[in-house]
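Colleague: turn this into a structure:
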Amino acid sequence: MRYIIIGAGAVGGAIGGRLAEAGHEVALVARGAHYEALRTHGLRLMTSEGTRTHRLPTVDGPAALGELRADDVLVLAVKTQDSEAALEAWGPAPVAGGGRAAERLPLVCAQNGVESPRIALRRFRRVYGVCVWLPATLVEPGAVSAAGAPLTGFLHLGRHPHGTDETARRIAADLGKAHFEAPVVPDVARWQYAKLLGNLANAIEAVTGVLTSEEGLALYARVRAEGEAVLTAADIPYTGEEEQKRVRDDKIRFEPFDGSERGGGSSWQSLDRGTGTIEADYLNGEIVLLGRLHGVPTPLNELLQRLANTFARERRAAGSLPVAELVRLADEAVAFVQEERAPRP
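Modeller: Numbers count the residues shown, from 1 in each chain. Okay, here's the model as predicted:
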């Protein structure tokens, strides 16, 4: 199988680079300065084993690859807000032997949140969800750091909305030879919703910096509790923290190469690079949406969604809001909702 990594940034670059190291055919899809760097200098992948440069076919869209192959696997690794455009571009791509990519090829959504597989299923017949546990950073155009060890990442994989098949097992076997563990599960959404609860911290981290203070961690606990209440009201199952720890055990740890502390996650990186967009609508915004559908107030997640989008739109510096100020805003948001819902005399 050939893996076409649509969005060869932090996660996509780490997956693509590791698959290439394991001897698999890989093509990278990127844009802008990252695309130019990959084409000119190759993908520089930094792991605990050292730095390797992979000179892989790199394109900015399907036309440059020509007719796709029947054994191609499309790995969607763009941010969710960019999924629609990517799917629109790749769905109609012709496949050798007839038909289009949307009808004939498997699409693997290696992304945060739960929305992209739903978007993809409107266009592609065979969609696979992935719960991505992969500490990775786009260091600069052409360079990706993947600091997980001894495994590079943990990637639960399954058909969307549920089930497994031989394609999932073959993909998982390839990932297993490439420094990942990829359990094939019939209920991948259960793992994705659990990851979503963890990703509710992304917006806090993006606007205030890496979560280390007691104040910040206490705020995240409140935000997560709001998310758990929503998932319970919506009757959506998710993997518990104990089960997650038991499965991952000590198989993946963050081990920075220079002894530094962990840097910011994907949302922080979006602000730091000044992309102008952020995935909060599909993380905190997913909880807000479900809360509105099921009558559960979500003032904390609404606040974080709004703040993260404002920071991205106005290109404010990542981590520039003091934690104490965010906590004050959170308390005000909760108080306002409580006052609104209080019985009137």
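Colleague: quick one, domains of the chain?
Modeller: Domain assignment for the chain by automatic domain parsing gives 2-186, 200-236+257-341.
Colleague: how far off centre is the shortest one?
Modeller: Here domain 200-236+257-341 is found 16 Å from its chain centre; the criterion is Cα atoms, centre = their mean, to the nearest Å.
Colleague: report how many residues lie close to Pro94.
Modeller: For Pro94, the count of nearby residues is 14 (other Cβ atoms under 10 Å). Every residue, glycine included, has its C-beta placed from N, CA and C.
Colleague: quick one, what contacts it?
Modeller: Counting by Cβ atoms under 8 Å, 6 or more residues apart in numbering, Pro94 makes contact with Glu67, Leu68, Arg100, Ala101.
Colleague: inside strands: which ones of the residues you listed?
Modeller: Among the contacts of Pro94, DSSP state E puts none in strands.
Colleague: how about a markdown table for those, with pLDDT and neighbour count added?
Modeller: Shown next, in a markdown table, are the contacts of Pro94 (pLDDT from 0 to 100; neighbours: other Cβ atoms under 10 Å):
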| residue | pLDDT | neighbour count |
| --- | --- | --- |
| Glu67 | 97 | 11 |
| Leu68 | 98 | 22 |
| Arg100 | 98 | 16 |
| Ala101 | 98 | 23 |
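Colleague: what does the lowest-mean-pLDDT helix or strand in the chain contact?
Modeller: Least confident helix or strand, the chain: strand 252-254 with a mean of 85, by mean pLDDT, DSSP states H and E. Contacts to strand 252-254, defined as Cβ under 8 Å, 6+ apart, come from residues Trp133, Pro135, Ala147, Gly148, Ala149, Pro150, Leu151, Thr152, Gly153, Phe154, Glu181, Arg262.
Colleague: again, only this time at 7 Å
Modeller: Trp133, Pro135, Ala147, Gly148, Ala149, Leu151, Gly153, Phe154, Arg262 (Cβ atoms under 7 Å, 6 or more residues apart in numbering).
Colleague: which PyMOL command selects the buried ones in the residues you listed?
Modeller: Those of those that count as buried under 16 or more other Cβ atoms under 10 Å are selected in PyMOL with:
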select buried, resi 133+135+147+148+149+151+153+154
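Colleague: gap between the residue lying closest to Asp187 once chain neighbours are set aside and Leu121?
Modeller: Leaving aside its sequence neighbours, Asp187 sits nearest to His162 (Cβ to Cβ, 6 or more residues apart in numbering; 6.0 Å). Computed as Cβ to Cβ, to the nearest Å, the His162 to Leu121 distance reads 12 Å.
Colleague: please apply the same query to Gly7.
Modeller: 18 Å.
Colleague: before we move on, the earlier item: can I get the domains of the chain in TSV with distance to Asp250?
Modeller: Formatted as TSV, these follow (distance: least, Cβ to Cβ, whole Å):
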stretch	distance to Asp250
domain 2-186	8
domain 200-236+257-341	17
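Colleague: wait, which of these is closest to Arg248?
Modeller: For Arg248, the closest of the domains of the chain is domain 2-186, at 5.5 Å, according to Cβ to Cβ.
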